[in-house]
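Novice: What follows is a predicted protein model with its sequence.
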Amino acid sequence: MLVGQLLQVIDRLAPVRLAEEWDNVGLIVGRHNQPVRRLLVALELRDEIVAEAAQGRCDGILVHHPPIFPSIAAVTDDVPATELVLRAAETKTAIVAAHTNLDAAPGGLNDVMAELLGISTTAPLAPSPDDPAAGLGRVGQVSPRSVAELATEVGRIFDAPSVFSGDAWAPVRTLACCTGSGAGLIPEARAAGADAYVTSDLKYHDADRALGLPLVGIPHAAVEQRALREWSRVLARTLAGEGAEVAFAESTTDPWQLT
């Protein structure tokens, strides 16, 4: 298939119109008429991913975190981030980003996260003005458990350390979640009647801003890597009849390491 056709498929699964205004999604590097026979799905564009794509003979890479974000003034080999973009262009490797549009889309990463957490009858925390069924975050019902039990379960599901704030023994029946940096949706989680909120990149004083709402923190990459892997299977099935294969990157690109 051609890059232009790939973009059409991705837009059906994660419409560009759902992306946040500040985001940078779609075709980042490449030509619309260049072929894509094998696509590597990865959290972000790093040296390990470019090497894995070359080794796997992938002529396209779909990333969740846009490599040109925020905007840059030049694409040179002066800094690693732009050097990777330059290398992709030189090797004719198409780079496509699906970021907040993939987070917000029905069946996207927030829905995958909610499903992994056992949340049922979900609704977006911040519905999209274009589609009330889409938007950032999810909230819904779960089988009863305590906040401490929830935090332990979250760590097990995403195979990563978890932290929590609030009453350890408070019951959780309505649970909110958001992939990535979701602290900005704490007010929406409280307004939705959530008993707890699971997200990443929480800061010290977010616990105070939550005004009694228990928070469960989990590393950013751990959540999105797992959710993206699950979603990539949907993409693989969708592209199966289009003449393109999908592989999920096995390289670990999380800059934060555990001691």
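Specialist: Everything's here; your move. What you see is a predicted model; the values in this text were computed from it and never measured.
Novice: What's the end-to-end length of stretch 56-70?
Specialist: End-to-end distance for stretch 56-70: 29 Å, by C-alpha to C-alpha, to the nearest Å.
Novice: next one: that stretch to chain centre, how far?
Specialist: 13 Å (C-alpha atoms, centre = their mean, to the nearest Å).
Novice: Stretch 222-241 now?
Specialist: 11 Å.
Novice: Stretch 183-196 too?
Specialist: 19 Å.
Novice: buried set for it?
Specialist: 183, 185-186, 188-190, 192, 194-196 (16 or more other C-beta atoms under 10 Å). In short, each C-beta sits where N, CA and C put it, glycine included.
Novice: Dump it to PDB, keeping only the CA atoms.
Specialist: Provided in PDB are the C-alpha atoms of stretch 183-196 (Å, rounded to 0.1, in the frame of the first residue of the first chain):
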ATOM      1  CA  ALA A 183      -3.100  15.400  35.700                       C
ATOM      2  CA  GLY A 184      -5.000  18.100  33.900                       C
ATOM      3  CA  LEU A 185      -8.100  16.000  34.000                       C
ATOM      4  CA  ILE A 186      -8.300  15.600  37.800                       C
ATOM      5  CA  PRO A 187     -11.200  18.100  38.000                       C
ATOM      6  CA  GLU A 188     -13.100  16.100  35.300                       C
ATOM      7  CA  ALA A 189     -12.500  12.900  37.200                       C
ATOM      8  CA  ARG A 190     -13.900  14.400  40.400                       C
ATOM      9  CA  ALA A 191     -16.900  15.900  38.500                       C
ATOM     10  CA  ALA A 192     -17.600  12.500  36.900                       C
ATOM     11  CA  GLY A 193     -18.000  11.000  40.400                       C
ATOM     12  CA  ALA A 194     -14.900   8.800  40.200                       C
ATOM     13  CA  ASP A 195     -13.800   7.100  43.400                       C
ATOM     14  CA  ALA A 196     -10.200   7.000  42.100                       C
END
